[in-house]
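In: Pasted the sequence and its predicted model underneath.
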Amino acid sequence: MADGGNAHSARRIDHGGGSRAVFHAPFICRPQNLPVMRRFTRLVAALIAAILIVQPAMAQSILRDAETEALFREMSAPMITAAGLNPKSVDIVMIGDPSINAFVAGGQVVYIHSGLIQAADNANEVQGVIAHELGHVAAGDVIRSSAGASEATGITILSLLLGAAAIAAGSGDAGAGILMAGQQAAMGKYLAFSRSVEAGADESARRYLSKSGVSGKGMISFFKKLQQEEFRYSQDKIDPYAVTHPLSGDRVAVLKDRMSEDAAWNTPTDPAIEARFQRVKAKLFGYINEPNDTLNRYPLSNTSVPAHYARAYAFHKQAFVDKAVAETDALLAAKPGDPYFEELKGQILLESGRPSDALAVLRDAVQRTNYDPLIAALFGHALIATEDKANFAEAKAVLRNAVQRDRENPFAWYQLGVIYTQEGDQARAALASAEKYDLEGQAPQALRNANVAMAGLPKGTPDWLRAQDISLVAKTQVDAQHHKGGRRKQLADR
């Protein structure tokens, strides 16, 4: 894994403009000692915020890594099938966020925070979380959430009308009381709906785990972790009817009896899956944390594969090239030809100014993973970084293949644009840049480059049509941003 500015298969990509389901209780404003009409305005604003089930997400940092994504696919496939879904159509995506959370936001995508991976003791715990989120996906809970919101909205609208009438009649305090009562009723209605949705996802997860032969022990043990978090924040003192999720203790009590009777309860996790999970967890720790923290967690006396993996990242961050390469050599000695160990060694050599030395291991890693697009993008970058024009044709072929198999990799598009620029093909270089900016949510830049590409490409060709698609979408986004900006200015001027 690496920062967006580094050359590695794990890319930090900022996506904006998306949406995600909100499953936590919103903050409700409770104004005091305000003039009546100002109080009315604030309460209306609070109500609007309170009943929103889906809201635009802030830019999310998505962490991509070939090894991690392959592990997620394999460990989730049986449960996806058990849910009646196609494993090829469901994505498990990691978000760079230290909090312990997972969510769905529409479509067949499960988002898992990096903090959850770090908090999990084993692969089975993560499988339990994924099974729960698949319950939301299969039930269409993000879409269903609008039904829960509509009931709450009906209560809210009625209270707004009654409250406004009371205020207009001169009964300001009575009107404010009606508004607050309506607000509480609406929130109670939605919270009850949310708790039922979560309980339904728990039950779906139990079925999926059972059907796929995966133990439910991990799900139970992870709920107990969440219960400890609740105790830390005095959750045991909170009204269980005032939260969006059933309390973890209640969830454990409901699920454990049924899960412990299941034939898969005592089924151990596949040792190969577990070993791969511990590798991924260690490399994630080394990638995210400061080198000293990594070296404290994984001291030199620890000669396990996860420890070598984490330390390789720590030493690479500290620019101790020889030490970092030594750690990857230890990994390759333990498992010769492992493509992900080769990938990391190639990354270290490339980012240390030795791209030519990185080519052999990266080429082998690409071949051993059947041309994984993320690793191929790194290899293409290494070929370009040699500044040897004899390598550019291979780089172009590798990168074109990478973006054809995975179009959602801005780094690969950027590198392909470099090749087109070297060839003097400015139109396709602009199209590659448009693809990159479109993925990064930078609509103005995407629009500008898409228009340049359309001007230089033969009209009606596949590349021209793709540039047109990006241009139309980006223009809509730019116009919407301008409209919002104008509205905000008008409101500010009032």
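Out: Alright, I've got the coordinates.
In: low-confidence ranges in the stretch 351-494 of the chain?
Out: Flagging of the stretch 351-494 of the chain using pLDDT under 70 yields the residue ranges 485-494.
In: what does the chain give?
Out: 1-60, 141-196, 228-250, 485-494.
In: hey, where'd the strands end up in it?
Out: Taking DSSP state E, the strands of the chain run over residues 12-15, 19-21, 54-56, 60-63, 91-95, 102-104, 109-113.
In: Can you give me every residue that contacts the closest residue to Ala376 other than its chain neighbours?
Out: Of all residues not flanking Ala376 in the chain, Ala402 sits nearest, at 4.1 Å (Cβ to Cβ, 6 or more residues apart in numbering). Where C-beta positions appear, they are placed from N, C-alpha and C, glycine not excepted. Counting by Cβ atoms under 8 Å, 6 or more residues apart in numbering, Ala402 makes contact with 371, 373-374, 376-377, 380, 409, 412.
In: cutoff 7 Å now
Out: Neighbouring residues of Ala402 by Cβ atoms under 7 Å, 6 or more residues apart in numbering: 373, 376-377, 380, 409, 412.
In: Closest one of these to Tyr298?
Out: The nearest member of the contacts of Ala402 to Tyr298, counting by Cβ to Cβ, is Ala377 at 28.1 Å.
In: Report the contact partners of the nearest residue to the closest one once chain neighbours are set aside.
Out: In space, and not counting its chain neighbours, Ala377 is closest to Ala412: 3.8 Å by Cβ to Cβ, 6+ apart. Each residue near Ala412 by Cβ under 7 Å, 6+ apart is listed here: 373, 377, 399, 402-403.
In: Spatially, which two of these are the most separated?
Out: Checking those with Cβ to Cβ, the most distant pair is Pro373 and Leu399, at 9.5 Å.
In: What are the buried residues along stretch 260-277?
Out: Residues of stretch 260-277 classed as buried by neighbour count (16 or more other Cβ atoms under 10 Å): 262, 265, 269, 273, 276-277.
In: Would you point out the most distant pair within those?
Out: Asp262 and Arg276, at 24.7 Å, using Cβ to Cβ across the buried residues of stretch 260-277.
In: Walking through the stretch 251-400 of the chain, point out its helices one by one.
Out: Residue ranges of the helices in the stretch 251-400 of the chain, as given by DSSP state H, counting those that start in this stretch, are 271-288, 291-297, 305-317, 321-334, 339-351, 355-368, 373-385, 392-405.
In: deepest of the ones you listed, which one?
Out: Scoring the helices of the stretch 251-400 of the chain by mean neighbour count under mean count of other Cβ atoms under 10 Å gives helix 373-385 as the most buried, with a mean of 28.
In: If I take that helix and helix 339-351, what angle do their directions form?
Out: Note on geometry: by axes from the mean of the first three to the mean of the last three Cα atoms, to 10 degrees, helix 373-385 and helix 339-351 are set 30 degrees apart in direction.
In: by contact count, what packs against helix 373-385?
Out: helix 339-351, helix 355-368, helix 392-405, helix 410-423 (3 or more Cβ pairs under 7 Å, 6 or more residues apart in numbering; DSSP states H and E).
In: In a markdown table, list those along with distance to Gln108.
Out: Formatted as a markdown table, those follow (distance: least, Cβ to Cβ, whole Å):
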| stretch | distance to Gln108 |
| --- | --- |
| helix 339-351 | 26 |
| helix 355-368 | 28 |
| helix 392-405 | 19 |
| helix 410-423 | 22 |
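In: Out of those helices, flag the one nearest Asp121.
Out: helix 339-351 (22.1 Å).
In: Mind giving me the packing neighbours of that closest one?
Out: By 3+ Cβ pairs under 7 Å, 6+ apart, helix 339-351 packs against helix 66-82, helix 321-334, helix 355-368, helix 373-385.
In: So which of those helices is nearest Val252?
Out: Per Cβ to Cβ, nearest to Val252 of the helices and strands packed on helix 339-351: helix 66-82, 19.8 Å.
In: coming back round to it: and the residue nearest to Ala377, how far is that from Val403?
Out: Per Cβ to Cβ, to the nearest Å, Ala412 is found 5 Å from Val403.
In: same question, Thr328
Out: Distance from Thr328 to Val403, by Cβ to Cβ: 27 Å.
In: swap in His316?
Out: Distance from His316 to Val403, by Cβ to Cβ: 27 Å.
In: contacting residues for Ala138?
Out: Contacts of Ala138 (Cβ under 7 Å, 6+ apart): 83-85, 204.
In: Pull the most distant pair out of these.
Out: Leu85 and Ser204 (11.6 Å).
In: okay, those two: which has more neighbours?
Out: Comparing Leu85 with Ser204 by neighbour count (other Cβ atoms under 10 Å), the higher total belongs to Ser204, at 23 against 16.
In: my guess is that one meets Gly135, correct?
Out: Yes. Applying Cβ atoms under 7 Å as the test, Ser204 and Gly135 come out as touching, 3.1 Å apart.
In: What's the separation between Ser433 and Met219?
Out: 44 Å.
In: neighbour-wise, which of the two wins?
Out: Comparing Ser433 with Met219 by other Cβ under 10 Å, the one with more neighbours is Met219, at 28 against 24.
In: And Tyr287, how far from Gly460?
Out: Tyr287 sits at a distance of 45 Å from Gly460 (criterion: Cβ to Cβ).
In: An error on my part: the question was meant for Gln481.
Out: 30 Å.
In: which of these two has more neighbours?
Out: Comparing Gln481 with Gly460 by other Cβ under 10 Å, the one with more neighbours is Gln481, at 13 against 8.
In: so what's that one closest to, chain neighbours aside?
Out: Ala443 (7.0 Å).
In: residue contacts, Val418?
Out: For Val418, the contact set (Cβ under 7 Å, 6+ apart) comprises Ile384.
In: hmm, 8 Å instead?
Out: 384, 429.
In: same check, this time on Lys256
Out: When contacts are counted by Cβ under 8 Å, 6+ apart, Lys256 touches Ile220.
In: how near is it to Ser221?
Out: Distance from Lys256 to Ser221, counting by Cβ to Cβ: 10 Å.
In: One more: Leu359?
Out: Taking Cβ to Cβ, one finds Leu359 at 44 Å from Ser221.
In: swap in Leu284?
Out: If you go by Cβ to Cβ, the gap between Leu284 and Ser221 works out to 20 Å.
In: cool, Tyr287 as well?
Out: Relative to Ser221, and taking Cβ to Cβ, Tyr287 is found at 25 Å.
In: Quick check, Leu63 in contact with Ile95.
Out: Yes. Here Leu63 lies in contact with Ile95, judged by Cβ atoms under 8 Å, at a distance of 7.1 Å.
In: Need the residues touching each of those two.
Out: Contacts common to Leu63 and Ile95, judged by Cβ under 8 Å, 6+ apart, are Ser114.
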